[in-house]
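Enquirer: Build the 3D model from these lines:
(one chain, ligands or ions: 1)
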Amino acid sequence: MKALCLSGSPRKDSNTESYLQVAAETLRSNRIETDLVTVVDKVVNPCRACYECWYKESRECQQDGDDFHELFERMVEADAILVGSPVHYSAVHPTIWNLLVRASFPGIRDHPHSGPRLFDRKVGGPITVARRAGQNFALAQLLLWFNLNNFIVPGSMYWNVGTARSIGDAARDEEGIEIVRQFAENVAWLLKKTVP
Ligand SMILES: Cc1cc2nc3c(=O)[nH]c(=O)nc-3n(C[C@H](O)[C@H](O)[C@H](O)COP(=O)(O)O)c2cc1C
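Expert: Below you'll find the model as predicted:
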């Protein structure tokens, strides 16, 4: 069983990464192989709406020249995907959103000749981080993505939101850390039930 934690913060040692590290440690303590990838060093350009991924047999995004394909392959390989994003103006950070948008048409397309849809019944869910407000808007933005892509998204003791401003603040957000830990425990529990 493999889990992939994607951090959408453009900052090094970000708060988003701190919450995801808690999730990753929890998953590893459940003997789930877990990678944490931060998109801070990655370039993922926006979808060009060429529709090639929708109509071509390969179901691949045809746009090259950035880090999309490497990240997309890791998403397809994983049994669970956790996406963390800082909140910027009540929304998800654009780089991680570009990745999710470009992964989505190949993911949701009904394709009887190639078997099930790419993310069918993977386990996963979002975590959003803000200084004061907007976490729920960004959380909803990500939940809609997980929902459309046919993920199974477990809950926690509260919504998966962190309250943090400066680097290092996440470590002091005891409730946020506990919410993320519980969420990751639920991801591990579900994985053990659903992955053969
Ligand atoms: C461009 C920008 C927009 C932001 N917008 C919001 C916002 O809408 N609401 C909020 O509470 N904090 C906002 N913040 C603060 C960040 O969400 C906060 O610093 C968070 O800890 C960043 O997470 P990170 O360390 O993972 O990057 C914004 C920060 C930046 C740079």
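Enquirer: outside of the longest helix seen in the chain, which residues touch it?
Expert: As assigned by DSSP state H, the longest helix anywhere in the chain is helix 174-194. For helix 174-194, contacts defined as Cβ atoms under 8 Å, 6 or more residues apart in numbering pick out 1, 3, 19-20, 22-24, 26-27, 30, 32, 79-80, 82, 121, 123-125, 127, 152, 154-164, 170-171. Where you see a C-beta, it was placed from the backbone N, CA and C, and this is true even at glycine.
Enquirer: Please apply the same query to stretch 149-158.
Expert: By Cβ under 8 Å, 6+ apart, the residues outside stretch 149-158 that reach it are 81, 104, 107-108, 117-125, 143, 146-147, 175, 178-180, 182-183, 186-187, 189-190, 194.
Enquirer: Please repeat the previous calculation with a cut-off of 7 Å.
Expert: 104, 107-108, 117, 119-125, 143, 146, 179, 182-183, 186-187, 190, 194 (Cβ atoms under 7 Å, 6 or more residues apart in numbering).
Enquirer: What parts of this structure come near the ligand?
Expert: Residues of the chain lying near the ligand by Cβ under 6 Å from any ligand atom: 9, 11, 14-16, 86-90, 129-134, 164-165.
Enquirer: Of the residues you listed, keep whichever come out buried.
Expert: 9, 14-16, 86-87, 129-130, 134, 164 (16 or more other Cβ atoms under 10 Å).
Enquirer: Take the residues you listed and keep only those in strands.
Expert: Among those, the residues falling in strands (DSSP state E) are 86-87, 129-130.
Enquirer: Throw those residues into TSV and include pLDDT, thanks.
Expert: Shown next, in TSV, are these (pLDDT from 0 to 100):
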residue	pLDDT
Pro86	98
Val87	98
Val129	98
Ala130	98
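Enquirer: Poorly predicted segments of the protein, please.
Expert: Applying pLDDT under 70 to the chain flags residues 58, 109-115.
Enquirer: Walking through it, point out its strands one by one.
Expert: According to DSSP E, the strands that the chain contains are 2-7, 33-38, 80-88, 91-92, 123-130, 161-163.
Enquirer: Output these as CSV; include the columns distance to Leu99.
Expert: Listed next are these as CSV, based on distance: least, Cβ to Cβ, whole Å:
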stretch, distance to Leu99
strand 2-7, 7
strand 33-38, 10
strand 80-88, 9
strand 91-92, 10
strand 123-130, 13
strand 161-163, 20
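Enquirer: looking at those strands, which is buried most?
Expert: Most buried of the strands of the chain by mean neighbour count (mean count of other Cβ atoms under 10 Å) is strand 123-130; its value is a mean of 28.
Enquirer: can you give me the angle that one makes with strand 2-7?
Expert: 20 degrees (axes from the mean of the first three to the mean of the last three Cα atoms, to 10 degrees).
Enquirer: Dump the C-alpha coordinates for strand 123-130 into CSV.
Expert: Extracted as CSV, the C-alpha positions of strand 123-130 are listed here (Å, rounded to 0.1, in the frame of the first residue of the first chain):
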residue,chain,number,x,y,z
VAL,A,123,-8.6,6.9,-0.6
GLY,A,124,-7.7,10.5,0.2
GLY,A,125,-8.7,14.0,1.2
PRO,A,126,-7.7,17.6,1.7
ILE,A,127,-6.0,19.7,4.3
THR,A,128,-6.1,23.5,4.1
VAL,A,129,-4.0,26.0,6.1
ALA,A,130,-4.7,29.7,6.7
